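# Model the following, please.
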Amino acid sequence: MARLLGPRGAMLRMAESYRTADNTTEILVENHGPTEVQLLFNSTFGMPSYVRGWLSEYLVALRAKESSVEFAAEPGGTRFVVRWSD
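Okay, the predicted model is just below:
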């Protein structure tokens, strides 16, 4: 189903999709244009690099072109900046 939505659609649904698998992690999704989404995770359980790798591989599965995932800790969680090209 996610592949039909494409990278943008799948990322915008990330909070809803993640909630079905993990009820302790909250994700705030911010749309920053057609090829960029920011995800604020309230917790990465001390493993932000693991989440970054998971998001990167998810983009590969979605066939996103020239994708990148960057992250930075901030008050309230970890922010992931997810970018790809059309």
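
# Distance from stretch 57-66 to the middle of the chain?
Averaged C-alpha coordinates place stretch 57-66 at 11 Å from its chain's average position (C-alpha atoms, centre = their mean, to the nearest Å).

# Quick check: end-to-end length of that stretch?
Looking at stretch 57-66, the gap from its leading to its trailing residue is 12 Å under the measure C-alpha to C-alpha, to the nearest Å.

# got a list of contacts for that stretch?
The contact list for stretch 57-66, computed with C-beta atoms under 8 Å, 6 or more residues apart in numbering, reads 2-3, 6-7, 10, 67, 69, 82, 84-86. All C-beta spots, glycine's among them, are computed from the backbone N, C-alpha and C.

# Identify each buried residue in it, please.
Residues 58-59, 62, 64 are the ones in stretch 57-66 that count as buried (16 or more other C-beta atoms under 10 Å).

# With stretch 47-55 instead?
With the criterion 16+ other C-beta under 10 Å, stretch 47-55 contains buried residues 48, 51-52, 55.

# And it, how far out from the chain middle?
9 Å.

# Convert that stretch to CSV, retaining C-alpha atoms only.
Extracted as CSV, the C-alpha positions of stretch 47-55 are listed here (Å, rounded to 0.1, in the frame of the first residue of the first chain):
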residue,chain,number,x,y,z
MET,A,47,18.9,4.7,19.0
PRO,A,48,18.3,7.6,16.6
SER,A,49,20.8,6.0,14.1
TYR,A,50,18.7,2.9,14.0
VAL,A,51,15.6,4.9,13.2
ARG,A,52,17.5,6.9,10.5
GLY,A,53,18.6,3.6,8.9
TRP,A,54,15.0,2.3,9.0
LEU,A,55,13.7,5.4,7.4
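
# about what we covered before: inside helices: which ones of the buried residues of stretch 47-55?
Using DSSP state H, 48, 51-52, 55 are the members of the buried residues of stretch 47-55 that sit in helices.

# Please dump the residues you listed into CSV; it should also carry distance to H32 and pLDDT for every row.
Shown next, in CSV, are those (distance: C-beta to C-beta, whole Å; pLDDT from 0 to 100):
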residue, distance to H32, pLDDT
P48, 19, 95
V51, 19, 95
R52, 18, 97
L55, 15, 96
